[in-house]
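Chemist: Build me a structure from this.
(2 chains)
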Amino acid sequence: MEFVDIFISILGSTIRLSIPLIFTALAGLFSERAGVFDIGLEGKMLAAAFASACAAYITGSAWLGLLSGIGVSVAFALVHGFASITNRGNQIISGVAINFIVAGLTIVLGQAWFGQGGRTPQLPNTARFSPITLPGVDALRDVPVLGPLYANVISGNNILTYFAFAAVPISWWILYRTRFGLRMRAVGENPGAVDTAGISVTWLRYRAVICAGILCGLSGTYLAIAQSAAFIKDMSAGKGYIALAALIFAKWKPVPVMFACLLFGFLDAFANFMQGKSVPLIGEVPVQIFQALPYILTCVLLAGFIGVARPPKAGGVPYVKER
Amino acid sequence: MSTASVPLPNWINYGLIPLLNLTLAFLISGLVVWFIGENPLDALWLMLDGALGRGEGVGFTLYYATNFIFTGLSVAVAIHAGLFNIGSEGQAYLGGLGAALVALALDHYVPWYVTMPFAVLGAAAFGAAWALLPAWLQAKRGSHIVITTIMFNYIAAAFMVYLLVNVLIVPGKMAPETRTFLEGGQLPKLDWLMAMFGMKLGPAPFNVSFLIALLMCFLVWVLIWRTKLGYEMRTLGISPSAAAYAGIPYARIVIITMLISGGLAGMMALNPVLGASARLQVEFVGGAGFVGIAVSLMGRNHPVGIILAAILFGILYQGGADLSFEMPTITREMILVIQGLVILFAGALEYMFRPAIVVAYQKFASA
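Modeler: A predicted model of the protein is given here:
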């Protein structure tokens, strides 16, 4: 029975740790499928976390927090768009720049406004997205395995968690079943053909980076006012890059993205669980192995040992209309 | 008509446009300072005074600049071959391991000038080794160097923490760091150089690594503009298809370039590890690898430009530390904002002003 409890607790934290990855990786999916590389996922996420924490603190409303998180993230997405679509700048450099600007600005503004060393003030529960208890938890509580599984993994999450799992099929539907999605995928593979068909490459790519901005806004908001109750400096802590790794690991497809994020979230949760515990025969396994594993797995994948990861063909290349 | 193909004279391309971009970056930084309720001019003055006012400040400025010269060169060498090495941070971290192992092995037996060449080789070899796998993946498997080098930064961080916490730590101590090197494993300070200019170095860790950095600038210049390999690298960087037609081996050049780039990044570790703290510490690189991107972009990938840009960033780092002390509302992280804005305007938005400048230039030239 104890084993089941441990399993359920790891599963629960896997879900919690995967949510920001899912949002962020889907953000990268939209941007990169349209041919705009996005190293700035990390920065947008962090900016959204800061903005949502500030707005939730001032207004006392989690929803207004979410709104400003999304707003700020979209603003940075537009900067990225302006640099890489309108000015045909280097998309990677633009993303790196955004990461730096946000890493600095959140701390500078946070210190200037709240004077708590870059933190924002602790939020009351009313200004956060609190866990929701689904109906039937009490009724199922005494059922072995299924009861705790329902209570701790499926129920007891905040609304953004359910948004994340809804975002996966929605993204799939947009990408593969709408005209916008078809055109977006086309613009990432062969923008010249899209342009010849009389569709604006610029406007399509802008819409794609705005989608990325919205999703990063959700993930940042989740970090600051759903998972925690304040903004803490550097709270994204490389999750943007893990999401990027997950996106590649999932070969730029929405449903595999979810599973890749769950896998990387599980590694994170398992590392937390294993901290300080020793395994029979091997002894204590260093947590750093679990921290490095997502990156190592992605590199192994990139080396072509687990299928081939083929990025969108026109990714990273600015589109030049006139010849 | 597009303005992209109109040629402009060099003083506009290499003088006016970068200057405009930098000015804009600093103006926006000033706006941020003003926005949080401080006077930007006062802040600028405090910063310059902190970085250049006294011998100690200058020493710290040049100490930081040394780091940035190495990482800037590392990024620049890769850019010349059309590769964006975002992994200088991790390569420098591993370089620290190479340098520290040499120092730990030799410091009991020989003076510093014997240790130094081995430490340089050790740092460069470990840095290069960390760049090898991403280079191979790019050359042979076609996976994007940017992605793999990012992954390797994180793998390096995890690996080094593991080594420092579990292997290299001094038994019985809490801090995850190696023992302090004896004098045979330390690079001496350059107080005599400062004294030549009538300045006292004080406790600033400005050391011999600076001279190694200058030597590397010269060697990189020779490599890029005076050797066959450099020519092949630049050809590959400008046009991979032209390079292929000319029979330049793609995989070979990519791997060699990345080894050199990783080696230069690795050598950065000499400065903090052997020069300043005399021990290997967790996170000693402290973002210098990423500053290298800004430095290389600002210096137009030329060693002379890189030295100037590195000193500018040295001023920002040292002056920024002083500024946050004098004006507590402005934290040290303001440097990151300025750095990001420089990368944005000097890098990604490089050509923002170009169309307008072309129009103005054509009017001026035809008048």
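Chemist: and B:Leu41, that's in a strand?
Modeler: No: counting by DSSP: H, G, I helix; E, B strand; the rest coil, B:Leu41 is not part of a strand but helix.
Chemist: can you list the residues of the stretch 1-150 of chain B near chain A?
Modeler: B:2, B:4, B:32, B:36-37, B:84, B:86, B:133, B:137, B:141, B:143-144, B:146-148, B:150 (C-beta under 8 Å from any C-beta of the partner chain). In short, each C-beta sits where N, CA and C put it, glycine included.
Chemist: In helices only, show me the residues you listed.
Modeler: B:32, B:133, B:137, B:141, B:146-148, B:150 (DSSP state H).
Chemist: Buried ones only from the residues you listed, please, as a PyMOL command.
Modeler: Only the buried members of these enter the following PyMOL selection, criterion being 16 or more other C-beta atoms under 10 Å in any protein chain shown:
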select buried, chain B and resi 32+133+137+146+147+148+150
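Chemist: Check the ones in helices among the residues of the stretch 1-150 of chain B next to chain A and tell me the two furthest apart.
Modeler: Farthest apart among these by C-beta to C-beta are B:Val32 and B:Arg141. That separation is 42.3 Å.
Chemist: need the helices for chain A, in chain order.
Modeler: Using DSSP H, helices in chain A cover A:2-33, A:41-59, A:62-81, A:91-114, A:137-140, A:146-149, A:159-177, A:179-189, A:191-196, A:201-221, A:239-249, A:254-274, A:287-302.
Chemist: tell me what the fourth one is packed against?
Modeler: In terms of contacts (3 or more C-beta pairs under 8 Å, 6 or more residues apart in numbering or on different chains; DSSP states H and E), helix A:91-114 is packed against helix A:41-59, helix A:62-81, helix B:288-298, helix B:334-343.
Chemist: 6 Å - rerun?
Modeler: Packed against helix A:91-114 by the contact rule (3 or more C-beta pairs under 6 Å, 6 or more residues apart in numbering or on different chains; DSSP states H and E) you find helix A:41-59, helix B:334-343.
Chemist: what's the distance between the shortest one and the middle of its chain?
Modeler: Between the mean C-alpha location of helix B:334-343 and the chain-wide mean there is a distance of 14 Å, by C-alpha atoms, centre = their mean, to the nearest Å.
Chemist: How about residues contacting that helix?
Modeler: A:96-97, A:100-101, A:103-105, A:108, B:25, B:28-29, B:294, B:316, B:320 (C-beta atoms under 6 Å, 6 or more residues apart in numbering or on different chains).
Chemist: which parts of stretch B:285-296 are buried?
Modeler: B:285, B:287-296.
Chemist: A:Asp138: which of the residues you listed is nearest?
Modeler: B:Gly287 (50.9 Å).
Chemist: For that closest one, give its distance to B:Phe68.
Modeler: 10 Å (C-beta to C-beta, to the nearest Å).
Chemist: any low-confidence regions in the chain?
Modeler: Went with chain A since none was named. For chain A, residues meeting the criterion pLDDT under 70 lie at A:1, A:281-283, A:305-309, A:322-323.
Chemist: other chain: chain B
Modeler: In chain B (pLDDT under 70), the answer is B:1-4, B:367.
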